[in-house]
Structures are given as structure tokens and as C-alpha cells.
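[1] Fold the stuff below for me.
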Amino acid sequence: MDENKSYEAVLLAVAHEEFKKIDFEKYYNAGAVVYDIKSFIDRRWVDCRL
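    Numbers count the residues shown, from 1 in each chain. Model (predicted):
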């Protein structure tokens, strides 16, 4: 995932340790829809989760 790009949506489907380094708050605050299937991201930064 290129952190220098903007995204309209972010879908997290696996909970790899390397994803802990990604600033999902940045994407959420920029207006991207953040969907967390694995309940990996802090609830504050997701629009929906399973």
C-alpha cells in the first residue's frame, strides 16, 4: 500500500503484523471508507467491520 497515494476505500481482509505500521487514521480522516473484516484496526478508524 503506497502511503503517498489517496484511496477512496481501504479493505483490510487479513491481519498481518506489517499492517500495524499503516496509519489507517490518515485514510479515514481523508474521507476513505475503511472496512475491517478481521477487527484488526481500532474501531475509531473504521466505517464497518465484521
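[2] hey, let's count contacts and neighbours off CA atoms from now on
    Fine.
[3] Could you list the buried residues of stretch 27-45?
    Across stretch 27-45, burial judged by 16 or more other C-alpha atoms under 10 Å covers 27-28, 32-36, 39-41, 45.
[4] would you list the residues you listed in JSON lines and tack on distance to D2?
    Shown next, in JSON lines, are those (distance: C-alpha to C-alpha, whole Å):
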{"residue": "Y27", "distance to D2": "12"}
{"residue": "Y28", "distance to D2": "15"}
{"residue": "A32", "distance to D2": "14"}
{"residue": "V33", "distance to D2": "16"}
{"residue": "V34", "distance to D2": "16"}
{"residue": "Y35", "distance to D2": "18"}
{"residue": "D36", "distance to D2": "18"}
{"residue": "S39", "distance to D2": "22"}
{"residue": "F40", "distance to D2": "19"}
{"residue": "I41", "distance to D2": "18"}
{"residue": "W45", "distance to D2": "18"}
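[5] Mark which of those residues are part of strands, please.
    Taking DSSP state E, the ones among those that sit in strands are 33-36.
[6] So which residues of the protein form helices?
    24-29 (DSSP state H).
[7] Show me the residue at the heart of it, geometrically.
    Taking C-alpha atoms, centre = their mean, the centroid of the chain lies closest to F24, which sits 4.3 Å from it.
[8] Could you check how far stretch 19-34 is from the centre of its chain?
    Distance of stretch 19-34 from its chain centroid, counting by C-alpha atoms, centre = their mean, to the nearest Å, is 5 Å.
[9] what's it in contact with?
    Contacts to stretch 19-34, defined as C-alpha atoms under 8 Å, 6 or more residues apart in numbering, come from residues 3, 6-12, 41, 45-48.
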